[in-house]
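[1] I'll drop the sequence and a predicted model, then ask my questions.
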Amino acid sequence: MAAQILDGKSIAAKIQEEISEEVVDFIENNSFAPCLAAVLVGEDPGSEVYVRNKQRACERVGITSQLHRLEADASEDDVLSLVSKLNKSSEVHGILVQLPLPAEITSTRVHDAIHPFKDVDAFHPENVGRIAQDRARFLPCTPHGIQQLLDRYEIPIAGKHVVIVGRSDIVGKPLAALLVARESTRGPQAANATVTICHSRTENLAKITQSADILVAAIGQPQFITADMVRPGATVVDVGINRTADGLVGDVDFEAVSEVADFLTPVPGGVGPLTVTMLLHNTLQAAAYVI
């Protein structure tokens, strides 16, 4: 029996409706709209698409957006100067620097320069530390989106074994922190998991992934997770987006794993729409901090 598809698009649309209502109330009460400023360096086609999608999502929920472009040969100082300007702008509540940046620019320096109260990606070390202490100001967008997706499909998290393949600062590590916490934005049932993080040096990887109630793939390797790595009846979340000659594919062998898992996210249309939606959520939160 084929797995039930976890439709990230439909869940994202529902959450965006909720955010839109909150934005209307916010504007009525404060006489200004939340504003997200995106910084795009160069003309990477993928980045152009991502930024355009984020701007359209802002428009749908009533959030104002700005796009600040820099040439591909812009220096790190150029980017830092623009970030400093946006930090000081009273019109801007959230700042997004689109990745990847050119190789000559250190992304950590750029993200560290964003004011913690405008860091809607939750990459600033202060915001990362607050997550570790269960005092989050902003929740990282992709991990929070995954948590929302699972809970809104009523997939049990509390007490379950979650295996995350990938230890990135953007997905793997923060997702582990969210799922192992005592509480969540959805209540304790969407947290309190037992979490294992696997990576390139993990031994007997398949043995570990086969023990997962919920398996999350976030490694950036096309179709790396195969059916024999998945426990029958598991939930599989595919975070990967890989461009191949055959088009976009995830980190999971979708066709094969769909015959083993009970629930599975597609690529595209799974986690991606929720990442954008949680960015909107954080931008609204950021605007509330200036009141």
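    Arrived safely.
[2] hey, let's count contacts and neighbours off CA atoms from now on
    Fine.
[3] Would you pull up how far whichever strand or helix holds Leu280 lies from the middle of the chain?
    Element membership for Leu280 (DSSP states H and E) is helix 272-288. Distance, stretch centre to chain centre, for helix 272-288: 10 Å (Cα atoms, centre = their mean, to the nearest Å).
[4] other SSEs contacting that helix?
    helix 8-30, strand 35-41, helix 45-61, strand 94-97, helix 141-152 (3 or more Cα pairs under 8 Å, 6 or more residues apart in numbering; DSSP states H and E).
[5] go again using 6 Å as the cut-off
    Packing partners of helix 272-288 (3 or more Cα pairs under 6 Å, 6 or more residues apart in numbering; DSSP states H and E): helix 8-30, helix 141-152.
[6] Need the contact partners of that helix.
    With contacts defined as Cα atoms under 6 Å, 6 or more residues apart in numbering, helix 272-288 is touched by 9, 12, 34, 93-94, 120, 141-142, 145.
[7] Between all of those, which two are separated the most?
    Taking Cα to Cα as the measure, the contacts of helix 272-288 span a maximum distance of 25.9 Å, between Lys9 and His93.
[8] Which one of those two is surrounded by more residues?
    When neighbours are counted by other Cα atoms under 10 Å, Lys9 and His93 differ, and His93 comes out ahead with 29 against 17.
[9] OK, contacts around that one?
    Contacts of His93 by Cα under 6 Å, 6+ apart are 35, 118, 286-287.
[10] how about a cut-off of 10 Å?
    33-37, 64, 86-87, 115, 117-120, 282-290 (Cα atoms under 10 Å, 6 or more residues apart in numbering).
[11] Only whichever of these are buried, select them in PyMOL.
    Here is the PyMOL selection string for the buried members of the contacts of His93, based on 16 or more other Cα atoms under 10 Å:
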select buried, resi 33+34+35+36+37+64+86+87+115+117+118+119+120+282+283+284+285+286+287
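[12] What segments of the stretch 151-291 of the chain are strands?
    For the stretch 151-291 of the chain, strands defined by DSSP state E, counting those that start in this stretch occupy the ranges 161-165, 194-198, 214-217, 235-238, 242-244, 247-249, 263-264.
[13] Return the most buried member of those strands.
    Most buried of those, by mean neighbour count (mean count of other Cα atoms under 10 Å): strand 235-238, with a mean of 28.
[14] and it, which strands flank it?
    Strand 235-238 pairs in its sheet with strand 214-217 (parallel), strand 263-264 (parallel), by DSSP bridges.
[15] could I get those strands as TSV with distance to Gly46?
    Shown next, in TSV, are these (distance: least, Cα to Cα, whole Å):
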stretch	distance to Gly46
strand 214-217	21
strand 263-264	25
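[16] Tell me where the stretch 101-250 of the chain has helices.
    With helices called from DSSP state H, counting those that start in this stretch, the stretch 101-250 of the chain shows them at 107-113, 125-132, 141-152, 172-180, 205-209.
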